[in-house]
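Chemist: Quick one, fold the following:
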Amino acid sequence: LTGSSAGCFGGLYSTFEEQSDVPSSIHGIFAEPSDLGCLDCADNTDNNSRMPKVRGLINHWGAIFDTAYIRPTAKDNVPVISIAGDQDVLVPYTAGNPFGYPLFPWVYGSVPIHDRMDHLGIKNELHPLYGEGHEPWLLSPDLVDTCFKYERPFLYSVLKPLPLTITGRASLCADDTATFTVPQRSGSHYCWDFAGGTVAGSSNNAVTLRWSTAGMHLITIREMTMNDVNGDPDSFYVNVISRPLAGFGDSVLHTSVHFSDSSVGATSWTYAFGDGGHTASPAPSHTYSVAGTYTASLIVSNGYCADTASRTIVTDTCPQVHIHYTVSHDTLYVTAEPANAVTYVWTFGDGATDSGGATAYHVYSHTQHYLVGLTLTNAKACTGFVSQIVDYQQPDGLAEAGERRYRIYPNPARDEVIVDCSDCAVAIYDCLGRLVLSKYELNDPIVDISALDAGIYDISITAAGQMTRGRLVIR
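Modeler: So this is what the prediction gives:
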């Protein structure tokens, strides 16, 4: 707020005078005798709706009725710069009647205003123009530059925004985001400056940044007020810390697992094995109580930043099975339970083997106790072995009905089989009951079976009107 002479009277009163300071008689002079009304009264219906707050006052040759109007309150804490001629006889430089006439009330000029504000600790300056009178710039325009020389820095110090303080994280991990803010002041805009970072989000008084490179990074901000006055920049340093890199391998042996560390930049390790177990060892071993699939996780830290890696761990126990068997005629049928292995190798105690799967069959050629064994391997290359003694009684011939019995051999057979019978009729049927080979009036005991596929067949031998049935295994 400023003016010159009477304009600065008005500026001082508008800034500091209260209604309680108004004299009891507020009628004008004889030429303007009407009541002046209350301090803030006016015909403007918008009066007091948007009263601006005075931020500073430039006093050119002004004065005030009473320096006591300047009070030690927040409202009156308004900076003032006073410029006055020390030889001014119209408006007193110190105190007196304007124009030197007692008709006018006693007023206090720039010196007592300066003294009062100094006493109250209110920012102010007094710049006397020595040897000059009232409004000397009217005759000496160069004094305008003199006034401007004093007023410009004073105005800047008054209008310049208060110092800013950036708040935010002083340390963060690389590639993390952090938000930095300053107080939002009405009408102000803020200019952020930062090096090496990328913006993840922003508003007028806040910015969210991310750095990928470790080191000290500088953020600065400058405020521009609604009056286009720039404030001093504020600086804030952010220490960006490199992340460790988590990594590990595993070596599985059945249900025991050894973990090997391949992390980079780590100073602490925390494993979670996926079964509730934990350890802080960098390269632990762990045994799972139950075979299965687990997710093992490793969290590494360098004291500030952390990283996580996970792996799927598949454990398996060595296979454990039971052998179930039945004997039908001359054939042994075996089954492994449970059947969860990858490979099965059966041994039947007579030198014969079978690797067909969880089930197998075998035809023995004579009565004996046989040790049937099974070696099986699971997906983790773990092997198991189980055995069972089988008491096999070779049937005396092949008959299931009738009195006559005949012997065929070898059984199992390949390409040919010998039927110990003369003048017999031989018929061979597949598993669907279809006749696949027949011989009538068998004179040669050797029967050619090379045209038949491997499998189990029924064989019937008829002699003298009596049929005898049996089982033939072809390999």
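
Chemist: any idea where the strands of the stretch 101-250 of the chain begin and end?
Modeler: Listed in chain order, the strands of the stretch 101-250 of the chain (DSSP state E, counting those that start in this stretch) span 107-108, 124-129, 171-173, 177-181, 189-194, 198-203, 206-210, 215-224, 234-241, 248-253.

Chemist: Now do the SS call for the nearest residue to residue 122 once chain neighbours are set aside.
Modeler: Nearest residue to residue 122, sequence neighbours excluded (CB to CB, 6 or more residues apart in numbering): residue 77, at 5.6 Å. Where you see a C-beta, it was placed from the backbone N, CA and C, and this is true even at glycine. When classified by DSSP: H, G, I helix; E, B strand; the rest coil, residue 77 comes out as coil.

Chemist: Look up phi and psi at residue 77.
Modeler: As for residue 77, its main-chain torsions (degrees, to the nearest 10) stand at phi -80, psi 70.

Chemist: can you check residue 336 too?
Modeler: According to degrees, to the nearest 10, residue 336 has phi -100, psi 140.

Chemist: wouldn't it be in contact with residue 358 here?
Modeler: Yes: if you go by CB atoms under 8 Å, residue 336 and residue 358 touch, sitting 4.5 Å apart.

Chemist: who has more neighbours, these two?
Modeler: The neighbour count for residue 336 versus residue 358, taken as other CB atoms under 10 Å, is higher for residue 336 (22 against 17).

Chemist: Give the bridge partners for that one, please.
Modeler: Going by DSSP bridges, residue 336 is paired in beta bridges with residue 323.

Chemist: per-residue confidence for the nearest residue to residue 69 once chain neighbours are set aside?
Modeler: Closest residue to residue 69 apart from its sequence neighbours, by CB to CB, 6+ apart: residue 16 at 4.4 Å. Here the pLDDT value assigned to residue 16 is 92.

Chemist: rewinding a little: for residue 365, find the nearest of the strands of the stretch 101-250 of the chain.
Modeler: Ranking these by proximity to residue 365 (CB to CB) places strand 248-253 first, at 42.9 Å.

Chemist: how much space between residue 130 and residue 223?
Modeler: Separation of residue 130 from residue 223 (CB to CB, to the nearest Å) stands at 39 Å.

Chemist: same check, this time on residue 96
Modeler: Distance, residue 96 to residue 223, by CB to CB: 44 Å.

Chemist: more neighbours, the two?
Modeler: residue 223 (23 against 18).

Chemist: Please name the residues that touch the more buried one.
Modeler: By CB atoms under 8 Å, 6 or more residues apart in numbering, the residues touching residue 223 are 161, 164, 182, 185, 188, 189, 190, 230, 231.

Chemist: which helix in the protein runs the most residues?
Modeler: Using DSSP state H to define each element, the chain has its longest helix at helix 142-159.

Chemist: Taking strand 124-129 as reference, get the angle to that one.
Modeler: Orientation check (axes from the mean of the first three to the mean of the last three CA atoms, to 10 degrees): helix 142-159 against strand 124-129 gives 170 degrees.

Chemist: Name the residues of helix 142-159 that are buried.
Modeler: 143, 146, 147, 150, 151, 154, 155, 158, 159 (16 or more other CB atoms under 10 Å).

Chemist: Nearest to residue 445 among those?
Modeler: Among these, residue 159 lies closest to residue 445 (CB to CB), at 127.9 Å.

Chemist: what's the burial count for the closest residue to that closest one other than its chain neighbours?
Modeler: In space, and not counting its chain neighbours, residue 159 is closest to residue 229: 4.6 Å by CB to CB, 6+ apart. When neighbours are counted by other CB under 10 Å, residue 229 registers 15.

Chemist: likewise residue 63?
Modeler: When neighbours are counted by other CB under 10 Å, residue 63 registers 28.

Chemist: ok, now how distant is it from residue 213?
Modeler: Noted for residue 63: a distance of 63 Å to residue 213, by CB to CB.

Chemist: At the geometric centre of this structure, which residue do we find?
Modeler: Using CA atoms, centre = their mean, the residue of the chain that lies closest to the mean C-alpha position is residue 176, 8.7 Å off.

Chemist: tell me the contacts of it?
Modeler: 210, 305.

Chemist: Backbone dihedrals for it, both of them.
Modeler: Here the main-chain torsion angles of residue 176 (degrees, to the nearest 10) amount to phi -80, psi 160.

Chemist: quick one: it and residue 240, what's the gap?
Modeler: Separation of residue 176 from residue 240 (CB to CB): 8 Å.

Chemist: Ok, residue 375 next?
Modeler: 60 Å.

Chemist: same check, this time on residue 144
Modeler: Distance, residue 144 to residue 240, using CB to CB: 53 Å.

Chemist: hang on, isn't residue 344 packed against residue 337?
Modeler: No: taking contacts as CB under 8 Å, residue 344 lies outside contact range of residue 337: 11.8 Å.

Chemist: Now the common contact residues for these two.
Modeler: In contact with both residue 344 and residue 337: residue 358, using CB under 8 Å, 6+ apart.

Chemist: ok, now which ones touch the nearest residue to residue 262 once chain neighbours are set aside?
Modeler: Counting by CB to CB, 6+ apart, residue 262 lies nearest to residue 247, which is 3.9 Å off, once chain neighbours are set aside. Listed by CB under 8 Å, 6+ apart, the contact set of residue 247 reads 261, 262, 263, 264, 298, 309.

Chemist: In a markdown table: those residues, plus neighbour count and distance to residue 202.
Modeler: Listed next are the contacts of residue 247 as a markdown table, based on neighbours: other CB atoms under 10 Å; distance: CB to CB, whole Å:
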| residue | neighbour count | distance to residue 202 |
| --- | --- | --- |
| 261 | 18 | 40 |
| 262 | 12 | 39 |
| 263 | 20 | 35 |
| 264 | 14 | 33 |
| 298 | 23 | 36 |
| 309 | 15 | 33 |
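
Chemist: Run a quick neighbour tally on residue 129.
Modeler: 20.

Chemist: What distance do you get for residue 433 to residue 290?
Modeler: Distance from residue 433 to residue 290, counting by CB to CB: 49 Å.

Chemist: Could I get the pLDDT score of the closest residue to residue 363 other than its chain neighbours?
Modeler: Excluding the flanking residues, the one nearest residue 363 by CB to CB, 6+ apart is residue 473, at 4.4 Å. Note on residue 473: pLDDT of 86.

Chemist: now do residue 218
Modeler: pLDDT, residue 218: 96.

Chemist: pretty sure it contacts residue 195?
Modeler: Yes: between residue 218 and residue 195 there is a contact at 6.2 Å, judged by CB under 8 Å.

Chemist: Give me the more crowded residue out of those two.
Modeler: Between residue 218 and residue 195, residue 218 has the larger neighbour count (other CB under 10 Å), namely 13 against 10.

Chemist: Give me the distance between the more buried one and residue 198.
Modeler: Residue 218 is 15 Å from residue 198, by CB to CB.

Chemist: can you check residue 414 too?
Modeler: Going from residue 414 to residue 198 by CB to CB gives 78 Å.

Chemist: any idea how far residue 225 is from residue 162?
Modeler: Between residue 162 and residue 225 the computed distance is 10 Å (CB to CB).
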